[in-house]
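A.B. asks: Okay, sequence plus prediction incoming.
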Amino acid sequence: MLLMGRAGVVDSVEASPLLRLSRRVLDLGEGDPGEIVRGGLVLKNEGTAPLKFSILRSCGCTDLSPTDGVIAPGGKVDVSVGLELFKATGSERSTSLVVRTNDPKNREVRCTLVARSNSPFQVTPAYVDFGDVLHGSPVSSSATIAIEREQGVTKILTRLTNENFVVQSNSNTEVHVSHAKHLPAGRHSGSLQLFIKGDEKRVVRVPLQVNITVPLVSVPSSLVIRKDGTGRFRKVHWIVISNNGSAALGDLVALNAPKQFLIEKVSKIGDKRCRYSLVIAPGWEPPNRFTLELEDSASKERCDLVLVFSDLSQEP
């Protein structure tokens, strides 16, 4: 393009494309679980040269048409966008598109897509964590999940994904759920599924979690013991934790420690935790593994500490 200057001098202005995107965030609304919800974007060229574009998806859940092309100066292209929803009701899906062009000021423009699968009812809370529960406790923790129904929903049924949790009672307004008794120590998870009678495809899932603890625990539960360059066993450290209500830790007693074992309290971390060290004097021939039985003198609770011996004496 040529422009006439004030003194009659001809100036040259280079033609250039200019992208205008109708929106940077495209909310496609709601749909049924697993449905592909649709909407559209408009790409405009407000420049003075042809705009070349291509659109990249970030996941296979998106379909686009067209995915590339050329837009003349002053022209536009309508891009059809589809986003496949998750199959779980009440869930939200978010992804993005990247529009690449020859516009020197907009080489890459990102657009966010978001949509939600509708739900026949709402639940509160949407996630239940029972926290830490002492192993062997005679009482199970319970939680109440409130249900806000749509009009016309007459019967809500429940289903659990495993036997870690129990439904105590169920109505159209709330569900009482607890963790199962006598679960082994460790973290246990599952989910409560709620659905309308006769419509099991529209499921609302509530994740459930509980951590079953033991009264006395060693952290870590096993230690690797090596020798130094002189052939002596290296000192090791670990922590003993009491989960036994409000009772404070007493002294640590090693019930089966050989006479070459020297266990010392290094530091106290509140009333419930203590750091200990173990030194093994020369003259003891270790097996590959040795289980040290520990007892809290206050509560008489016990735990094990597994010692694994290595002959890698040349390690730094």
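C.D. replies: Sure, I can see it.

A.B. asks: Low-confidence ranges, this structure, go.
C.D. replies: For the chain, the stretches flagged by pLDDT under 70 are 1-13, 88-90, 138-139, 150-154, 201, 246, 311-316.

A.B. asks: tell me the domain ranges of it?
C.D. replies: Residue ranges for the domains of the chain, per automatic domain parsing: 17-117, 121-213, 216-309.

A.B. asks: distance between the ends of the last one?
C.D. replies: The first residue of domain 216-309 is 24 Å away from its last residue (CA to CA, to the nearest Å).

A.B. asks: Then stretch 38-55?
C.D. replies: Terminal residues of stretch 38-55 are spaced 16 Å apart (CA to CA).

A.B. asks: Flag every buried residue along the strand ranked longest in the chain.
C.D. replies: Longest strand in the chain, counting residues (DSSP state E): strand 199-213. Using 16 or more other CB atoms under 10 Å as the burial criterion, the residues of strand 199-213 that qualify are R202, V203, V204, R205, V206, L208, Q209, V210, N211, I212, T213. C-beta here means a position set from N, CA and C on the backbone, and glycine is covered the same way.

A.B. asks: In the chain, mark out all the helices, start to finish.
C.D. replies: Applying DSSP state H to the chain gives no helices.

A.B. asks: most centrally placed residue in it?
C.D. replies: Nearest to the mean C-alpha position of the chain, counting by CA atoms, centre = their mean, stands P207 at 11.8 Å.

A.B. asks: And the strands in the stretch 151-300 of the chain?
C.D. replies: 156-160, 165-170, 174-179, 186-196, 199-213, 216-219, 222-225, 236-242, 252-254, 261-269, 273-280, 289-296 (DSSP state E, counting those that start in this stretch).

A.B. asks: If you count contacts, what does the fifth one end up packed against?
C.D. replies: Other elements packing on strand 199-213 under the criterion 3 or more CB pairs under 8 Å, 6 or more residues apart in numbering; DSSP states H and E are strand 121-124, strand 128-134, strand 174-179, strand 186-196.

A.B. asks: Paired strands for it, with orientation please.
C.D. replies: Sheet pairing for strand 199-213, assigned by DSSP bridges, gives strand 128-134 (parallel), strand 186-196 (antiparallel).

A.B. asks: now the first one
C.D. replies: Take DSSP bridges as the rule and strand 156-160 pairs in its sheet with strand 186-196 (antiparallel).

A.B. asks: For the strand it pairs with, buried residues please.
C.D. replies: H188, G190, S191, L192, Q193, L194, F195, I196.

A.B. asks: Ok, stretch 255-263 next?
C.D. replies: Neighbour-count burial for stretch 255-263 flags A257, F261 (criterion: 16+ other CB under 10 Å).

A.B. asks: tell me how far the ends of it are from each other?
C.D. replies: Terminal-residue distance, stretch 255-263 (CA to CA): 12 Å.

A.B. asks: just stretch 143-160 next, same as before
C.D. replies: Using CA to CA, one end of stretch 143-160 lies 15 Å from the other.

A.B. asks: Tell me how many other residues surround V81.
C.D. replies: 20 (other CB atoms under 10 Å).

A.B. asks: what is it paired to in the beta sheet?
C.D. replies: G39, L64.

A.B. asks: From start to finish, how long is stretch 57-70 in a straight line?
C.D. replies: For stretch 57-70, the first-to-last residue distance is 19 Å (CA to CA).

A.B. asks: Skipping its backbone neighbours, what lies nearest R205 in space?
C.D. replies: S191 (4.9 Å; CB to CB, 6 or more residues apart in numbering).

A.B. asks: Could you pull up the contacting residues of the one you found?
C.D. replies: L160, T161, R205, V206, P207, L208 (CB atoms under 8 Å, 6 or more residues apart in numbering).

A.B. asks: Is it bridged to anything, and to what?
C.D. replies: P207.

A.B. asks: How far off centre is stretch 211-224?
C.D. replies: 24 Å (CA atoms, centre = their mean, to the nearest Å).

A.B. asks: which parts of that stretch are buried?
C.D. replies: Buried residues in stretch 211-224 (16+ other CB under 10 Å): N211, I212, T213, V214, P215, L216, V217, S218, L223.

A.B. asks: got it, and stretch 47-57?
C.D. replies: Neighbour-count burial for stretch 47-57 flags G47, A49, L51, F53, I55, R57 (criterion: 16+ other CB under 10 Å).

A.B. asks: what do you get for stretch 23-36?
C.D. replies: L26, L28, G31, P33, E35.

A.B. asks: Same question for stretch 240-252.
C.D. replies: Going by neighbour count (16+ other CB under 10 Å), the buried part of stretch 240-252 is V240, I241, S242, N243, N244, L249, L252.

A.B. asks: That concludes my questions; thank you for your assistance.
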